[in-house]
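Asks: Show me the folded form of this:
(2 chains)
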Amino acid sequence: MKHEIIVDVKRDHILNLLNSGKRIDGRAFDEYREVSVEVGINQRAEGSALVKLGRTQVMVGVKLSVGEPFPDMPDSGVLTTNAELIPLASPSFERGPPDEDTVELARVVDRAIRESRCIDLEKLCISEGELVWIVFIDLHPLDYDGNLFDACTLGAIAALKNAVFPKLEDGRVDYKTKTEEKLPIVDTPVEVTFAKIGGHILVDPCLEEEEVLDARLTVGYNEKGEIVAMQKGGSGTFTQEEILDIVRRGREKAEFLRKHLPGDADGKN
Amino acid sequence: MKAGEPEEFIIDGKRLDGRRVDELRPLKIEAGVLKRADGSAYLEWGGNRVLAACYGPREIHPRHEANPQRAVLRTYYSMAPFSVYERKRPGPDRRSMEISKVTRQALESVVFTHLYPMTAIDVYIEILQAQAGTRCAGITAASVALADAGIPMKDLVPACAAGKVGGHIVLDLFDIEDNYGEADLPVAIVPRTGEVSLLQMDGNLTQEEFEQAFKLAIKGCMQVYEKQKEALRRRYGGSQE
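Replies: Predicted coordinates:
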């Protein structure tokens, strides 16, 4: 993510703590911050979620519209993931067209959603080659305290599971009338991010850790624990052993995150 | 099954373009091909044609991007409109913005940027013809261009992808495999330490498949590394090691 003013002193401080087995916010190296997921928090969106990861807060809205399918996938709905890093959420976010961090965030979240095939896109076909549902996922961080990848992916899948179709009449959407019908969600991918700071590997970096990290690795897992997306970031490197270890350990962290998704029964609409 | 998807990806142990599962596409690298750039490289990798040019260290514009501790490495990945089957709209899109970023991060760890504070080192990667694997081709060419420009570096950075097609783990996917395959895993390494500076994945791999593909990609990187060194030796002569 965007680097705010990095003071070498801060890095030294964080590293010294890590060398003595401590993180700056007191967590264990393999411990997530407190996770909370609320769904159905926005009445205009077809599906919505508010995810908190410690002090990081992300709102995710799912909107549905109809349009033409892609010519090479005439019987398949369309998925679009977008992120906006609004200046309200951090002194380091700026107004203007999406920068590379924003684009990367949207694309990495999209990767897990798309590659896990968690939305049954063929069920979104209304009339083959002519009309399909288009799913817009909008990632909207409200307070940036690190690790937007995991928070946004969790929020995206929560909002998707929460989404219901609006009423469709003669090929037009009546947004004021929602149906009971849920989006066809068949998997719940989540992403798990690890940071490397001076040879230490930590899960769920907070902002201060993100600012000084050497490298990070985000891994997306489906419900079966298969890997569906990966993205290495940061200017530093990982050893091959570190990568194999992260990918193995990430699986149980993915299970942990997934447990915070509201069950189908409590998904408020 | 998508339109145009082959029924089999591997027939009698051979892939659709005749390669073995662990075989790279033919790779040719030439260093120092452009007159105006401070360093450059041209690369042909299967059906990929890639040019990379390095300018710098030079004065940085806009000035506020200058860093008093080190040079700023800037990488730009771009595809020519005619490089793909359906014309690509010129200019940066979301995909190329992401690739530019991960390319920079793949290269930053090897460049001695602290030697040139307040300057920019710009690397431009132009995909002239694409046949899948262009980000790896771009990184591979870019690090040769940096070396050709005489930028002090710890090492070259070779990149290569592995993936899964028709249930098989294969090295260096070409376009049909990339379009219809199950997973793609681009990797870049710093060979002297064996460390990994780029890692991305999309698709679906089990733990075991991931480990197999990851190791295969690293083997591929080591072969690419030899080609990079050969290119520099051809350009500058010198001993064989």
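Asks: so where is the chain shaky, pLDDT-wise?
Replies: I went with chain A, as the question did not name one. Screening chain A residue by residue with the criterion pLDDT under 70, one finds the ranges A:1-7, A:264-269.
Asks: I was thinking of chain B, sorry if that wasn't clear
Replies: Along chain B, segments meeting pLDDT under 70 span B:1-3, B:239-241.
Asks: What parts of it come near chain A?
Replies: By the rule C-beta under 8 Å from any C-beta of the partner chain, the part of chain B lying against chain A is B:2-3, B:94-95, B:97-98, B:100-102, B:104-105, B:108-109, B:185, B:190, B:193-207, B:210-211, B:214, B:218. Just so you know, the C-beta spots here come from the backbone N, C-alpha and C atoms, and that holds for glycine as well.
Asks: among these, which are in helices?
Replies: When DSSP state H defines the helices, the subset of these inside them is B:94-95, B:97-98, B:100-102, B:104-105, B:108, B:207, B:210-211, B:214, B:218.
Asks: quick one: the helices in chain B?
Replies: Along chain B, the segments classed as helices by DSSP H run B:94-108, B:134-148, B:175-180, B:207-236.
Asks: Actually, chain A.
Replies: Under the criterion DSSP H, chain A contains helices at A:8-19, A:100-115, A:148-162, A:207-212, A:240-258.
Asks: give me the number of residues near the nearest residue to A:A163 once chain neighbours are set aside?
Replies: Distances taken as C-beta to C-beta, 6 or more residues apart in numbering or on different chains place A:G47 nearest to A:A163, at 2.6 Å, with adjacent residues excluded. When neighbours are counted by other C-beta atoms under 10 Å in any protein chain shown, A:G47 registers 28.
Asks: quick one: contacts for A:G47?
Replies: With contacts defined as C-beta atoms under 8 Å, 6 or more residues apart in numbering or on different chains, A:G47 is in contact with A:39-40, A:61-62, A:159-164, A:183.
Asks: Among the helices of chain B, which comes closest to B:A120?
Replies: helix B:94-108 (11.9 Å; C-beta to C-beta).
Asks: tilt between the closest one and helix B:134-148?
Replies: Here helix B:94-108 points in a direction 40 degrees away from that of helix B:134-148 (axes from the mean of the first three to the mean of the last three C-alpha atoms, to 10 degrees).
Asks: who touches helix B:94-108?
Replies: By C-beta under 8 Å, 6+ apart, the residues outside helix B:94-108 that reach it are A:98, A:100-101, A:103-104, A:106-107, A:231-235, B:73-79, B:92, B:123, B:125, B:135, B:138-139, B:142-143, B:146, B:157, B:159, B:188, B:197-198, B:200.
Asks: run the last query once more with 6 Å
Replies: With contacts defined as C-beta atoms under 6 Å, 6 or more residues apart in numbering or on different chains, helix B:94-108 is touched by A:100, A:103-104, A:107, A:235, B:73, B:75-77, B:135, B:139, B:157, B:188, B:197-198.
Asks: for stretch B:186-195, same thing?
Replies: Counting by C-beta under 6 Å, 6+ apart, A:237, A:239, B:106, B:110, B:135-136, B:139, B:155, B:157, B:159, B:161, B:196-200, B:217, B:221, B:225 sit against stretch B:186-195.
Asks: who in the stretch 51-200 of chain A is up against chain B?
Replies: By the rule C-beta under 6 Å from any C-beta of the partner chain, the part of the stretch 51-200 of chain A lying against chain B is A:100, A:103-104, A:107, A:111, A:115.
Asks: Buried residues of stretch A:196-209, list them for me.
Replies: Across stretch A:196-209, burial judged by 16 or more other C-beta atoms under 10 Å in any protein chain shown covers A:196-197, A:200-209.
Asks: Tell me how many other residues crowd residue 164.
Replies: Just so you know, I chose chain A. 17.
Asks: wait, chain B
Replies: Burial of B:K164, expressed as a neighbour count using other C-beta under 10 Å, amounts to 24.
Asks: And A:E115, by the same measure?
Replies: Around A:E115 there are 22 other residues, counting by other C-beta under 10 Å.
Asks: And the one 10 residues further on, by the same measure?
Replies: Using other C-beta under 10 Å as the criterion, A:C125 is surrounded by 18 other residues.
Asks: what's next to stretch B:173-182, contact-wise?
Replies: Stretch B:173-182 has contacts (C-beta under 6 Å, 6+ apart) with B:5, B:16-17, B:46, B:131-132, B:161, B:163-165, B:184, B:203-204.
Asks: Narrow those residues to those that are buried.
Replies: Those of the contacts of stretch B:173-182 that meet the buried threshold are B:46, B:131-132, B:161, B:163-165, B:184, B:203-204, by 16+ other C-beta under 10 Å.
Asks: nearest to A:A215, of the residues you listed?
Replies: Distances from A:A215 to these, taken by C-beta to C-beta, are shortest for B:A161, at 19.4 Å.
Asks: Settle this for me: that closest one is touching B:A137, isn't it.
Replies: No: B:A161 sits out of contact with B:A137 when judged by C-beta atoms under 6 Å, with a separation of 9.8 Å.
Asks: mind checking the end-to-end distance for stretch A:41-53?
Replies: Using C-alpha to C-alpha, to the nearest Å, the end-to-end distance of stretch A:41-53 comes to 17 Å.
Asks: Check stretch A:77-86 too.
Replies: Distance between the two ends of stretch A:77-86: 29 Å, counting by C-alpha to C-alpha.
Asks: ok now it, how far from the chain's centre?
Replies: Mean-position distance between stretch A:77-86 and its chain equals 11 Å (C-alpha atoms, centre = their mean, to the nearest Å).
Asks: again with stretch A:29-40
Replies: Using C-alpha atoms, centre = their mean, we find the averaged C-alpha position of stretch A:29-40 to lie 12 Å away from the chain's own average C-alpha position.
Asks: For it, buried residues please.
Replies: A:32-33, A:35, A:37-40.
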